[in-house]
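Enquirer: This is the structure alone, sequence omitted:
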C-alpha cells in the first residue's frame, strides 16, 4: 500500500565522539501494515536532539539519503559534542518519523586540562591540589580504556618543581597533592604531559608569591664610617625567603651589632634596631661608630633568620686634641735628650692623618733654638735637635695649631743650668 511511516530497520551502534558509527542506520518506508514500500522515493533526513542534561552534539556526515527499493542506507554518520543521551530522528515527506535513542561516549584523548591552585607560596606545598583531566576534542573526560589510566607527568618553567610529579590517572583524573614550587616570585607555568595516543601536554599559569622568611640580605651596605659620626650611607636590610624574595608580611625586629677580630674596639651609636610590621625592609638612620680605627664587622640579625654581615673600616674623626711628647727636663742651651713629638688626634685618640697643618712650639720664659714650626705628616711630626735657652726653673712647653681647628697643648719642663760660659 501507500507508505505511511519510517522505521529503523538497522539500528546504528558504537557511538564514540567524533568517530563514524561502526554500524550505520538503515531506514525503511512501510505501509500501515508494516510492508516495505519499494516504490517510496522521498529523501530521508536525520536530525539529533539532546535528551536531558546539559551540553549538545551535532550530527555530521551525509544527513540526507535517497531510498532504493524503499530503504535509505546511511554510511558516514557520527556525533560530535558532549557525552550523554540523544535522539536521532529520521523523517521524510508524507510519512511519520522514527527515532533511535543513543548514548554518546567520549572519544580519543586529545588534551590535558589542569585545574586547581592559581597561586602558591615559594618553597611551600601548594595549598590546593592540582588536578589533570584527560579530555577528548570536545572536553569530555576520557574515563575508559588505556588512555584514561596512563601516567601524567608534571613539570614547571620558571621555578623548581618538587614533590610527586608523576601520577597514574584513574578514569581520566590525576591528582597532584604535594607539589612545591621554589624560585623567584612571579608568574610560573605548570605543564602536564601524557604519551598516549600521542604526546599531549596541557599548561596552567600559577602566580608564585614569597615564602617563609629565612634570611636577611643587605640591600644597601653601610659606608664611610668616620669616628663618632653617622655613616654617610645608612644600611638597608631586607627580609627574604629561601630564594631571595622579599617577605612583605614579616613582623619582627632587625638589629645590628658590631664586632672586631682584632684588639680594636668600637661601639655603635644611634638606634640599632628596626621593628617591622608587615614589611620586608629595615631602613636604618643615624647609625655610626665610635672607637679605635680598624676593620669591623656589622652583623644584622633577626630571631629565627640567617644573619647578614658586612665589613666596614672606621676612619679617624674630627681633630679634638694635640698630644705633646717631650723630655720633662732640659739643660740650658743643650740639645734636649729626645725629640719633641706632636700628634693630632680625634676624641678617641686616633691619629688624624689627613691634612698637613702647621704646628708651632713655644716655651714660657725662655726661647727655643732650632726649627720650632713644622707641618704634620700623617698626623704627627718630630722636632729634632731643639735647645731651650733661658734662666733655669719651671717652664711650660706649648704646641699649637690653627687649622683645621685651633688647638693648644702644654707640658711642664724643668730647665737646669747649662755649660759654664762666663764669670759674673
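Expert: Structure's in. What do you need? Computed from a predicted model, the values in this text were never measured in an experiment. Numbering: from 1, shown residues only.

Enquirer: Give me the distance between residue 121 and residue 181.
Expert: 9 Å (Cβ to Cβ, to the nearest Å). For every residue, glycine as well, the C-beta is placed using N, CA and C.

Enquirer: Need the residues touching each of these two.
Expert: residue 208 (Cβ atoms under 8 Å, 6 or more residues apart in numbering).

Enquirer: what about the residue nearest in space to the middle of the chain, distance to residue 71?
Expert: Nearest to the mean C-alpha position of the chain, by Cα atoms, centre = their mean, lies residue 245 at 2.8 Å. Using Cβ to Cβ, residue 245 is found at 73 Å from residue 71.

Enquirer: Comparing residue 121 and residue 181, which residue is more hemmed in?
Expert: residue 181 (25 against 18; other Cβ atoms under 10 Å).

Enquirer: Tell me who's in contact with the closest residue in space to the more buried one that isn't next to it in sequence.
Expert: The shortest distance from residue 181 to any non-neighbouring residue, by Cβ to Cβ, 6 or more residues apart in numbering, is to residue 159 (4.3 Å). Taking Cβ under 8 Å, 6+ apart as the contact definition, residue 159 lies against 122, 181, 182, 183, 184, 188, 208.

Enquirer: and which of those residues is nearest residue 277?
Expert: residue 122 (21.3 Å; Cβ to Cβ).

Enquirer: Was I right to think the closest one contacts residue 213?
Expert: No. The pair residue 122 / residue 213 is not scored as a contact, 10.8 Å apart, by Cβ atoms under 8 Å.

Enquirer: anything in contact with each of these two?
Expert: Common contacts of residue 122 and residue 213 (Cβ under 8 Å, 6+ apart): residue 241.

Enquirer: just to revisit the earlier point, what distance do you get for the nearest residue in space to the residue nearest to the centre of the chain that is not next to it in sequence to residue 182?
Expert: Distance criterion Cβ to Cβ, 6+ apart; nearest residue to residue 245, sequence neighbours excluded, is residue 210 at 3.9 Å. Residue 210 sits 11 Å away from residue 182, taking Cβ to Cβ as the criterion.

Enquirer: Between those two, which contacts overlap?
Expert: Joint contacts of residue 210 and residue 182 (Cβ under 8 Å, 6+ apart) are residue 122.

Enquirer: The two: who's more crowded?
Expert: Shown here are residue 210 and residue 182; by other Cβ under 10 Å, residue 210 has more neighbours (24 against 18).

Enquirer: Go through stretch 223-232 and flag the buried ones.
Expert: 225, 226, 227, 228, 230, 231 (16 or more other Cβ atoms under 10 Å).

Enquirer: and of these, the nearest to residue 197?
Expert: Of those, the one sitting nearest to residue 197 (Cβ to Cβ) turns out to be residue 231, at 67.4 Å.

Enquirer: Spit out the contact partners of the closest one.
Expert: Counted by Cβ under 8 Å, 6+ apart, residue 231 has contacts 222, 223, 224, 225, 287, 288, 289, 312.

Enquirer: surely the fifth one meets residue 274?
Expert: No. If you go by Cβ under 8 Å, residue 287 and residue 274 don't touch, sitting 10.3 Å apart.

Enquirer: which residues sit against the helix or strand hosting residue 27?
Expert: Assigned by DSSP states H and E, residue 27 falls within strand 26-30. Under the contact criterion Cβ under 8 Å, 6+ apart, strand 26-30 has outside partners 3-10, 36-37, 40, 42, 44, 65, 67, 70-74, 90, 92, 95, 98.

Enquirer: go on, stretch 184-191?
Expert: 114, 120, 122, 130, 154-159, 161, 179, 181, 201-210, 243-245.

Enquirer: Can you get me a residue count around the residue nearest to residue 264 when sequence neighbours are not counted?
Expert: Once flanking residues are discounted, residue 264 sits nearest to residue 294: 3.5 Å by Cβ to Cβ, 6+ apart. Residues within reach of residue 294, counting by other Cβ under 10 Å, total 16.

Enquirer: Hmm, residue 294 is touching residue 262, no?
Expert: Yes. Using Cβ under 8 Å as the test, residue 294 is close enough to residue 262 to be in contact (6.0 Å).

Enquirer: ok, back up a step: looking at the contacts of residue 159, which is nearest residue 50?
Expert: Closest to residue 50 out of the contacts of residue 159 is residue 188 (39.7 Å), distances taken as Cβ to Cβ.
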